[in-house]
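Asks: any chance you can model this:
(chains A and B)
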Amino acid sequence: MTTEDFVTELSKQLSLDLPKTSEILTAAVNVIKEKLSEGACITVESFGIFDTEKKPEYILVKQDEQQQFLVPPKITVVFKPDSAFIEKIKEKEV
Amino acid sequence: MKEEVNLQELALLLSKHADISTQDAESFLKEFFTTISKILLTEDLLEIKDFGTFSLTQVSAKGAAQNTEENNPSTWLRLHFSPAEELKNIVNKPFSHFESVLLNEDVSFDNLAKVTENEEDETSEGFLIEIGHEKAPEKIVKAAAEKTEKLPEGNEEKGTTAATKNEKPAMVKAENTGLEKHKKKKRKPIARWMPILGTVAVAAVLIFFFVSEQRKQQALKNNPEKVPAKATETKTSQENLTISTDSFQLIAESPEENEKIKLSSGKTLRMIALEKFGNREFWVYIYYKNKDIIKNPNIVPEGIELAIPNKSEYDIDASNPQSVTKAKLLGEIELKKFR
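Replies: Alright, predicted model coming up:
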């Protein structure tokens, strides 16, 4: 599902027009980005946790080229689903 | 210590950014996350611009358990959130100025984990959700939560030597299954020996019966009268019946007197056996009982007084086919002597 479809669905649920929904969505995403960039972790009940993880530096070995690279550490965003969300996913028909 | 932001705090910030009431912001955010979870129940992919992509991919049990040999038939779903490029860059701002550096051959970092190119590709992030099993996903989530608690913060780079690959949730499952497998292995040797022991036991019983049957038949062939005599000895021991195995003559010491009949004209031993015991084949026992006065069972003189043996003496039972067969066999053996 694309962002447009998601905005349409969200506007239906909130009974808002599409431009307004899109505007608030952009603002919401910016707020989330801001907090995550500050190193905060966002907890949403019955959904999950958005957190940041620091992956340590490591040596990447390229066997074909017989080269080794020192890959720098990296901070990434991780999502850990809540148990309630996992239960919902379990109901999904595969 | 990490700052934790809940939905209410996020709504407060949103209300300022979007210029809406806190209540509206909260209901928007609630609906935002509810819609994501609803969509993921029907769709496998959800892309939200500048935020990220949620994906649900079905993975094989082998892929889920990775290095384990466990043959797990259950289905696994990998829930993965891939942050958008902009979000990635903002979050990784502290390390954004670092780049991968080509190392010279003589340079080595013993304290750093080495990951080959293929391994790096294989390491797929995300949460594995097992469909059909209740406990497994909880273990994974719990293990992942523990992992999060142990995550380095700030300047803790020295302690971060663990391989990136080893921190994947999939490996958590692999470790769990490894323990279960170890438990299973403990039970395996017994289970493996059970059918073998069973087969050996059955074979031993069959051999025992076969050998004993062979011995019986051999004894019967070598000494046809000895076998029934012995059998009779055992069964009639309570009736004080003594059997002389040397002469093959049976001397009854039973307190009960045997019935005596006079052989009338036209009567044969077979006819008497039929009359007294219900089967002609039992004639041989009448012959045994009167062996001292019958020289040849084919020629029995008329008017001779014959002692009729008790049924218990020779295990005479017309309703028992084995008893009849035995008598028939003995009769044939006796008749052969006079041919």
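Asks: going forward, measure contacts and count neighbours with C-alpha atoms only.
Replies: Will do.
Asks: quickly check: the longest helix seen in chain A near chain B or not.
Replies: With DSSP state H setting the assignment, residue counts place helix A:18-37 as the longest helix in chain A. Yes. Using C-alpha under 8 Å from any C-alpha of the partner chain, helix A:18-37 reaches chain B at A:Glu23, A:Ile24, A:Ala27, A:Ala28, A:Val29, A:Val31, A:Ile32, A:Lys33, A:Lys35, A:Leu36, A:Ser37.
Asks: please apply the same query to stretch A:68-79.
Replies: Yes. On the criterion C-alpha under 8 Å from any C-alpha, stretch A:68-79 is in touch with chain B at A:Gln68, A:Phe69, A:Leu70, A:Val71, A:Pro72, A:Pro73, A:Lys74, A:Ile75, A:Thr76, A:Val77, A:Val78, A:Phe79.
Asks: could you dump those residues into JSON lines and include pLDDT?
Replies: What follows is these, written out as JSON lines (pLDDT from 0 to 100):
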{"residue": "A:Gln68", "pLDDT": "85"}
{"residue": "A:Phe69", "pLDDT": "87"}
{"residue": "A:Leu70", "pLDDT": "88"}
{"residue": "A:Val71", "pLDDT": "89"}
{"residue": "A:Pro72", "pLDDT": "90"}
{"residue": "A:Pro73", "pLDDT": "91"}
{"residue": "A:Lys74", "pLDDT": "91"}
{"residue": "A:Ile75", "pLDDT": "92"}
{"residue": "A:Thr76", "pLDDT": "91"}
{"residue": "A:Val77", "pLDDT": "92"}
{"residue": "A:Val78", "pLDDT": "91"}
{"residue": "A:Phe79", "pLDDT": "91"}
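Asks: residues in contact with the residue most central in space within chain A?
Replies: By C-alpha atoms, centre = their mean, chain A has its centre lying nearest to A:Phe79, at 5.8 Å. A:Phe79 sits next to A:Gly48, A:Ile49, A:Phe50, A:Asp51, B:His80, B:Phe81, B:Gly126 when contact means C-alpha atoms under 8 Å, 6 or more residues apart in numbering or on different chains.
Asks: next step: those restricted to helices.
Replies: When helices are assigned by DSSP H, not one member of the contacts of A:Phe79 lies inside them.
Asks: could I get these as TSV with neighbour count, pLDDT and distance to B:Phe109?
Replies: Output for these, formatted as TSV (neighbours: other C-alpha atoms under 10 Å in any protein chain shown; pLDDT from 0 to 100; distance: C-alpha to C-alpha, whole Å):
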residue	neighbour count	pLDDT	distance to B:Phe109
A:Gly48	18	92	37
A:Ile49	19	93	34
A:Phe50	19	93	33
A:Asp51	21	92	29
B:His80	21	86	32
B:Phe81	24	89	32
B:Gly126	23	66	29
